[in-house]
Each structure stands twice: as structure tokens, then as C-alpha cells.
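1. no FASTA, just this:
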């Protein structure tokens, strides 16, 4: 069974090394395209950690706010409502997500930028960043421990960096996905994408990385007990959840019958791990949060 990994060492913070890519495999797996509609199936549950993260951001009147990994843009537009006088930039690597974001932004309130987290250059915004938010994005960025220090340097005096990442890669939803992939005929093709989607460090690693650069740091974890509904006889609700996120590396590799066979096998395992009840399916989900404020 493949266990979660953490990114390589970042400025003296010790973490486990990256796992090497299988011989002959591409350095970056071909994920299926982000589907804003699928991602929005559980929009209320997905949006709650964003609100909990922002509740710890103490910024009265920021000039520049950046949402790195803005997705379909609905939460980013909430930043514009919270700080109506601020310049808001939403950055995402998915054209599909940005298309949806621009459609929602009927007042052209946000500057939407297509870029990956690795390629985004904060200096191109033309001003120091007062609030940099990245929500449920960095698990897709194996190098993010190396990038965080440069993002902190881009902050204005007193500026805030706020991040949230899933911390549930040992949960049955992800463990069973890896196990089904490991016994699949194309296991070697599936492994790199699933490894890459687990690049999350321990809370103490984020705390040490941030505290080396500023004294004002808050790191915590929350486990949400999500209740997922679903139609009787329909797809398992946890399958629908991961289909929009963690299952994408698998869906991007497999086609046709082999994809259907994988999903059938995986869903069978989910039915046992997350039994359906009268109220729906109980889906515990742990997330790691970190907020750091630069010195004034």
C-alpha cells in the first residue's frame, strides 16, 4: 500500500523526500480536467473550511488580496464582498474553472489569472500582497514547502498568508483508492498521480516553516463530520465527492471499460467503509489550517 508523502526539505525543515516517479512514467500525470459542476456538488461542505480559515484573518482594509487556486470563483467573489475596496486577484491553472469564475463575476470585480501555483509570480501583480489565501490547493503542489517562503516575502508589512489543505490521506476514501489502484493492471501508470495528490506535510512542519520567518503564526486542525446525502440506488456519495477532486488522477489515465471497472471496484469498497444510513453517509474529513502575519 502506498503511504502519503510530504514534499522535500525546505530551508531546514525536515520532511520526507519526494517519492521517485516510476521508470518510464511521465513526470506529471494526465489528470482529467477539472469539472466545476462536479466540484460544486458539495459546495456547502467544501466552502465551510474557507470560511473558517478567513475567520482567523485579521485584515481591516487590505489593498491587494490574492486567492491562489481560486477554482470556480464563488469563494473568491466572497473576498470581494468582505473587502469591497480591495483589488482582488484569483489565480488558477484550470481553464474550465476560470471560465466558470468569469461567468459568475458579472461585475468584473476580480482579475482572473491562469497560472499554476508553481509558475505564479506575485511580483507581477505590481504591489505587495496584503492577504494571500490558498484554499484546498497545495496538496496538488508537491513543491509548495519551497514556495511558501517566497510567498511570505511577497507580503506587505503586516500582510497575511492563510492556507488550508486536506489532511485525510490515511482516511478510507483515499487509502482504498490507492489499494484499488495497486491491484489494477495499470498500477504503475496510476501511482504517480496518486502520489502527487498527497503532498501534504504535518501541521508541525508548517508551523516550524512559518515561525522561522514570523512570530505571528496560528496552525490548527479540524475534523469535519460531513453528512453526505444521495439518492437511493445512486452513486455512493463519497465517490461523488472524490470524483471532483482526488479521483481525477485516476480518471485522467483510464479510459472506457478500464475506468468503469476501477470505479465499480472502488465504489464497492466505499459501500463497506462508509455505510449508507437513513440520514445519509457520515464522512469524517480532517483539514490543516495555517495563518501567518508578516512583521510590520
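-> Sure thing, it's come through. Since we're looking at a predicted model, the values are computed, not measured.
2. quick one, strands of the stretch 51-200 of the chain?
-> Applying DSSP state E, counting those that start in this stretch to the stretch 51-200 of the chain gives strands spanning 64-68, 87-92, 110-114, 129-135, 155-166.
3. next, format those as JSON lines and append mean pLDDT.
-> Listed next are those as JSON lines, based on pLDDT from 0 to 100:
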{"stretch": "strand 64-68", "mean pLDDT": "98"}
{"stretch": "strand 87-92", "mean pLDDT": "98"}
{"stretch": "strand 110-114", "mean pLDDT": "98"}
{"stretch": "strand 129-135", "mean pLDDT": "98"}
{"stretch": "strand 155-166", "mean pLDDT": "97"}
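4. want to throw the ones you listed into JSON lines with mean neighbour count?
-> C-beta: built from backbone N, CA, C; applies to glycine. Formatted as JSON lines, these follow (neighbours: other Cβ atoms under 10 Å):
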{"stretch": "strand 64-68", "mean neighbour count": "26"}
{"stretch": "strand 87-92", "mean neighbour count": "25"}
{"stretch": "strand 110-114", "mean neighbour count": "17"}
{"stretch": "strand 129-135", "mean neighbour count": "25"}
{"stretch": "strand 155-166", "mean neighbour count": "21"}
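5. could those go into CSV alongside distance to residue 189?
-> What follows is these, written out as CSV (distance: least, Cβ to Cβ, whole Å):
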stretch, distance to residue 189
strand 64-68, 30
strand 87-92, 26
strand 110-114, 27
strand 129-135, 29
strand 155-166, 24
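6. the ones you listed: which one's closest to residue 278?
-> Closest to residue 278 of these is strand 155-166 (Cβ to Cβ; 27.6 Å).
7. partners of the closest one, with directions?
-> strand 129-135 (parallel), strand 281-293 (antiparallel) (DSSP bridges).
8. flag every buried residue along the last one.
-> I take that to be strand 281-293. Buried residues in strand 281-293, counted by 16 or more other Cβ atoms under 10 Å: 281, 283, 285, 287, 288, 289, 290, 291, 292, 293.
9. report the beta-bridge partners for the fourth one.
-> With DSSP bridges applied, residue 287 shows beta-bridge pairing to residue 166, residue 222.
10. wait, it sits on residue 224?
-> Yes: assessed by Cβ atoms under 8 Å, residue 287 is found in contact with residue 224 at 7.2 Å.
11. now for the two: what residues contact both?
-> residue 49 (Cβ atoms under 8 Å, 6 or more residues apart in numbering).
12. can you give me the helices for this structure?
-> All helices of the chain, identified by DSSP state H, fall at 36-39, 43-54, 74-82, 95-104, 144-153, 172-182, 187-196, 203-211, 237-243, 248-251, 256-273.
13. what's around residue 194, how many residues?
-> 23 (other Cβ atoms under 10 Å).
14. who's in contact with residue 276?
-> Contacts of residue 276 by Cβ under 8 Å, 6+ apart are 230, 236.
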